[in-house]
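S.K.: Whatever this is, show me its structure:
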Amino acid sequence: MTKWKKRLILSGIAAMLCAAILAGCGTSDSQTAGKDTGGSAQSASADAGSAEQAAEQQKKVEEQKKKEEQEQAAKIPKGDKYIALTFDDGPTGNEGGRTERLLDGLKQRNAHATFFLCGYRVKDFNSMMKRYLAEGHEVGNHTMDHRLAHEVSDGDYEQVSSNNDLIQSYTGQKPTLFRPCGGEYNDSVQASMKQLGMPLILWDVDTLDWKYRDAASVKQHILDGAQDGAIVLEHDLYETTVEGVLAAIDELQQQGYAFVTVSELAKIKGVTLEPGQVYTGFTDEDLGLTAETDAAANSKSTESTDSTANTQASDSTSN
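M.R.: Here you go, the predicted structure:
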């Protein structure tokens with residue numbers, strides 16, 4: 001065989017091999033492309049399914065939240081006018097004690113209230129703790145040891161945060177409201193409460209129940225100060241307070257008043273409670289003087305709760 005024929009044969013074989021290789025590559029690329037196209041379609045479909053599931057889940061969450069809000073709103077006592085009763089320095093006594101008797105009376109009258117609790121008393125008197133939220137009341141923070149602002153260098157932060165944790169351990173929920181002892185506060189306290197996410201709640205009406213220890217006096221102070229949107233200050237330390245408050249509720253309900261928590265009252269009045277801000281109440285006068293709230297609130301630092309601090313030791317083991 002001549003060299004020319006050998007070269008011709010080899011060239012033909014090489015051409016055939018190249019064609020076979022190219023054909024194989026084309027098939028592989030085509031299959032890969034097909035796989036890629038199918039994978040992308042499946043991935044897109046999966047992403048669309050996930051987005052749809054997430055949207056459906058979010059819709060269910062929003063519907064559940066709306067349902068809970070409606071159920072909660074339905075539980076709020078209804079009236080022509082609204083008042084928030086607040087009780088400081090408790091709880092007092094365990095079974096058969098003053099706080100239990102007060103809770104029983106409020107339940108019978110479908111009246112809600114806000115209780116600003118001291119941690120050192122919660123430690124001693126905690127048998128009623130699960131009743132507060134279950135019966136529609138609100139639990140607020142009144143420091144661990146009933147400390148006034150000028151007595152606490154850290155602006156009450158630790159006094160409040162530790163009491164929040166203690167109260168949560170019994171109720172399952174941290175307080176969202178803070179009442180400064182004696183109504184006393186300063187820039188440091190406000191900054192601490194802003195950090196903790198808690199507004200400062202003062203009052204429109206002071207019953208002076210600590211001073212007079214007389215049921216008729218407590219009742220009259222409430223009746224005299226009653227107005228739509230008011231916050232009333234009492235202490236569930238005294239038997240005369242329990243008697244006077246319940247008597248006042250009976251009379252005011254006949255006048256169209258309903259008794260709600262501070263947060264319920266704020267919501268009814270269209271007020272969003274802001275952390276670190278001070279609120280004395282939600283009457284027309286209060287809402288018309290929002291720019292002067294701080295000055296008005298400081299003037300509320302009366303002798304009432306200061307004197308309570310001096311009397312607590314003698315009442316700490318009472319019923």
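S.K.: only C-alpha atoms for contact and neighbour calcs from this point on.
M.R.: Noted.
S.K.: Helices along the stretch 1-150 of the chain, start to end?
M.R.: Taking DSSP state H, counting those that start in this stretch, the helices of the stretch 1-150 of the chain run over residues 3-75, 98-108, 119-124, 129-134.
S.K.: OK, contacts around His142?
M.R.: For His142, the contact set (Cα atoms under 8 Å, 6 or more residues apart in numbering) comprises 88-89, 116-119, 160, 178-181.
S.K.: and these, which of them are in strands?
M.R.: Secondary structure from DSSP state E places 88-89, 116-117 of the contacts of His142 in strands.
S.K.: which one among the residues you listed gets closest to Asp224?
M.R.: Among those, Asp88 lies closest to Asp224 (Cα to Cα), at 20.5 Å.
S.K.: Next, find the distance separating that closest one from Tyr82.
M.R.: Asp88 sits at a distance of 20 Å from Tyr82 (criterion: Cα to Cα, to the nearest Å).
S.K.: more neighbours, these two?
M.R.: For Asp88 versus Tyr82, neighbours defined as other Cα atoms under 10 Å are more numerous around Tyr82 (27 against 24).
S.K.: Quick one: low-confidence residue ranges for this structure.
M.R.: 1-44, 65, 67-72, 289-319 (pLDDT under 70).
S.K.: let's go with 80 and repeat that
M.R.: Applying pLDDT under 80 to the chain flags residues 1-49, 60-74, 152-156, 289-319.
S.K.: sorry, back to before: make a markdown table out of the contacts of His142 and add distance to Asp284.
M.R.: Shown next, in a markdown table, are these (distance: Cα to Cα, whole Å):
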| residue | distance to Asp284 |
| --- | --- |
| Asp88 | 25 |
| Asp89 | 28 |
| Phe116 | 24 |
| Leu117 | 28 |
| Cys118 | 31 |
| Gly119 | 34 |
| Val160 | 31 |
| Phe178 | 23 |
| Arg179 | 22 |
| Pro180 | 24 |
| Cys181 | 26 |
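S.K.: which SSE is Ala258 in?
M.R.: Element membership for Ala258 (DSSP states H and E) is strand 257-259.
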